[in-house]
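Undergrad: Just to be clear, the model below is a prediction. Sequence and coordinates:
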Amino acid sequence: MVSPAIELSGLTKYYGDVRGIEDLTLTVERGEVFGFLGPNGAGKSTAIRALLGFLRPTSGEVTLLGKRVADRHELVEVKHELGHIPGDFAFYDSLSGRRHLDYYESLRGGERRAELEALFPAPFDRKVGTYSRGNRQKLAIVQAFMHDPTLVVMDEPTSGLDPLVQRTFYEFLEAERERGVTVLFSSHILSEVRRVCDRVAVIRNGRLVAVEDIDTLLRKSGKVVRATLTEHPPIETFDLPGVVRGEYESKGVLKLIVNGGYDELLDRLSSYTVEDIEIREASLEDVFMHFYTDRDDGVTENERSEGDTERRERDGDDALPAESTDA
Amino acid sequence: MLELYAFEVRRRGRQTLLLTVLLVATIGLVVGLYPSIAASGVDFEAYVESFPPEVQNAFLGSVENIGTVEGFLVTELYQFVWVLLLGIYFGYVAAGAIAGEIEGNSIDLLLVNPVSRSRIVVAKCFSLLPTIVVVNGVAWMAVLAAVAFVGEDIDPLDLLVLHALFVVYHASSATIGLLASVLVDRVRVAQGIAIAVHFALYLVDSLTLDTDYEWVGDLALSRYFDAGAILVAGDVDWPGVAYLVVVAIVLVVVSAELFERKDVTG
């Protein structure tokens, strides 16, 4: 049996008394494109640094491609098959991109270098110090993939890339998945994760809140409907099949998180005087607010996750909502 | 590891060149002064006698006769520039080895390579060796040439031994900086530590020599390096050299192990 690409068990990192991450347990299978999703400061980078062995975990274990990261020799071994784009990184400003790539090639190989240089062109002969953010990021992509790694870990890899290059990158990732490469990357951009990932781990306050199939996450993300009504019907009026949650933001301004059932909702709304209406994609914040925190109010409890989720029950303020009973 | 080493050495190329040029100029200047000073008939013995013993220790070392070209070189060049300044310099440079990568945010792209952290430390440390060797090799030739130019005589073999041993001394000086580099994440702090430690040890060594507190300076690298004895008398303090080698090895091993255990935060 092939060992999983990534296995975290009880991975915990405290900085003194400050919690970085706590008790992360999850498995990423080979060939998956896996997302670490969470707001800034949630602990995504700490998790990535711990799983690459940059940080020594306070407790817990990591294995990459079956190799234990805590073991120095096994870590060096696995790094031959590992690519990485750090979140906040720098090259050596006074050296050219080519010099950097020559260096990395000498350390870990570069059989795909030419192909990647063509796909993500940057002024390789110029000093990296003169590079734009986008060019630096392209250089980072080239170095991460040029030795044809089995597993690639990336911390917010698309930041700084212009939309065109972003698209190239997504398409490239899809092709990599076809080739069987395992990819883990962190993001705080829902649409990105949605486009690329098979599964997503949602991280909040250093804890793993849920591991979801992308379909489940998509179902949960839904739309945000904000309507200003002259009347002030009781909130229960909008207790409809597609409405996940509803509340009055302020006087007369109704905010609903909706997943399908638009017809019924529009019917219901039409019986009131709609002064203003806005319908938009749920942002990551909305998703977090409405699906991955305690809810003590809200209209309905339907449309809860019934997918293949590896939820982790826990106590404390980040506890998940109780399992759905009406699924 | 060789690739890493080669990369680091190449990065030091310009720095090595600059340093060498600077030192050759210094040698030219110092040696160039010798004939006029010797001819002026200054009574060096009396001049030296007027110094407090601590200063004599610091800048004269064990030289008895400053009037000879060997004595002159030791007091005017080696004791101050080679023992103190270059010792500090190599510690200062080594202090940037790891802390520089961390502060400069380039450490992640380095750590992800299939090279252990120990090897990174060792490669970075050894990458200073070519600079040290080149500087001392060129200086040896420059001193020989300059001394010949002013019409004086010096034993080339003793001078070579002196510079060869300076390589050992400078390498062990560098490892002080290396340790600082692993201990703190800020380059300036690491450099400060390296300079302060080296300078403090040098002072303690000079100030305590021939006193009841001589043992306080026993840790100092400079205590085990007597340029005067080597050049004037041709005596090498082999146990002293061994001490320098042991210090260097211990500090590299400790640095490597500390770096292995270090949390590299982004």
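TA: Alright, I've got the coordinates. Numbers count the residues shown, from 1 in each chain, chains lettered A, B, ... in the order given.

Undergrad: quick one: low-confidence ranges for chain B?
TA: B:41-44, B:58-66, B:266 (pLDDT under 70).

Undergrad: can we see that at 90?
TA: B:1-3, B:33-72, B:74-76, B:79-80, B:152-153, B:202-237, B:265-266 (pLDDT under 90).

Undergrad: interface residues of it facing chain A?
TA: B:3-4, B:6-7, B:11, B:104-106, B:108-109, B:111-118, B:260-261, B:263-266 (C-beta under 8 Å from any C-beta of the partner chain). C-beta coordinates here come from the backbone N, C-alpha and C atoms, glycine included.

Undergrad: Please convert the buried members of the residues you listed into ChimeraX selection syntax.
TA: Remark: buried members of the residues of chain B next to chain A, expressed as a ChimeraX selection using 16 or more other C-beta atoms under 10 Å in any protein chain shown:
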select /B:3,4,7,106,108,109,111,112,113,114,115,116,117,118,264,266
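
Undergrad: So which of the residues of chain B next to chain A are in helices?
TA: If you go by DSSP state H, the residues of chain B next to chain A have B:3-4, B:6-7, B:11, B:108-109, B:111, B:117-118, B:260-261 in helices.

Undergrad: residue boundaries of the helices in the stretch 51-200 of chain A?
TA: In the stretch 51-200 of chain A, the segments counted as helices under DSSP state H, counting those that start in this stretch are A:72-79, A:97-108, A:113-119, A:133-145, A:163-178, A:190-196.

Undergrad: Low-confidence ranges, the stretch 201-327 of chain A, go.
TA: Flagging of the stretch 201-327 of chain A using pLDDT under 90 yields the residue ranges A:202-205, A:209-210, A:212-225, A:229-272, A:275, A:279-327.

Undergrad: quick one: the helices in it?
TA: Counting by DSSP H, counting those that start in this stretch, the stretch 201-327 of chain A has helices at residues A:214-221, A:262-270, A:284-291.

Undergrad: need those in JSON lines with distance to A:Asp148, can you?
TA: Listed next are the helices of the stretch 201-327 of chain A as JSON lines, based on distance: least, C-beta to C-beta, whole Å:
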{"stretch": "helix A:214-221", "distance to A:Asp148": "26"}
{"stretch": "helix A:262-270", "distance to A:Asp148": "46"}
{"stretch": "helix A:284-291", "distance to A:Asp148": "32"}
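
Undergrad: Counting neighbours, what do you get for A:Arg126?
TA: 13 (other C-beta atoms under 10 Å in any protein chain shown).

Undergrad: Could I get the pLDDT score of it?
TA: pLDDT for A:Arg126: 96.

Undergrad: tell me the contacts of it?
TA: Contact analysis of A:Arg126 by C-beta atoms under 8 Å, 6 or more residues apart in numbering or on different chains lists A:96-97.

Undergrad: Recalculate using a threshold of 6 Å.
TA: Contacts for A:Arg126 (C-beta atoms under 6 Å, 6 or more residues apart in numbering or on different chains) come out as none.

Undergrad: Flag every residue of chain A that's near chain B.
TA: Within chain A, the positions adjacent to chain B are A:54-56, A:72, A:76, A:79-80, A:84, A:86, A:88-90, A:103, A:106-108 by C-beta under 6 Å from any C-beta of the partner chain.

Undergrad: nearest to B:Ile88, of the residues you listed?
TA: A:Ala90 (27.8 Å; C-beta to C-beta).
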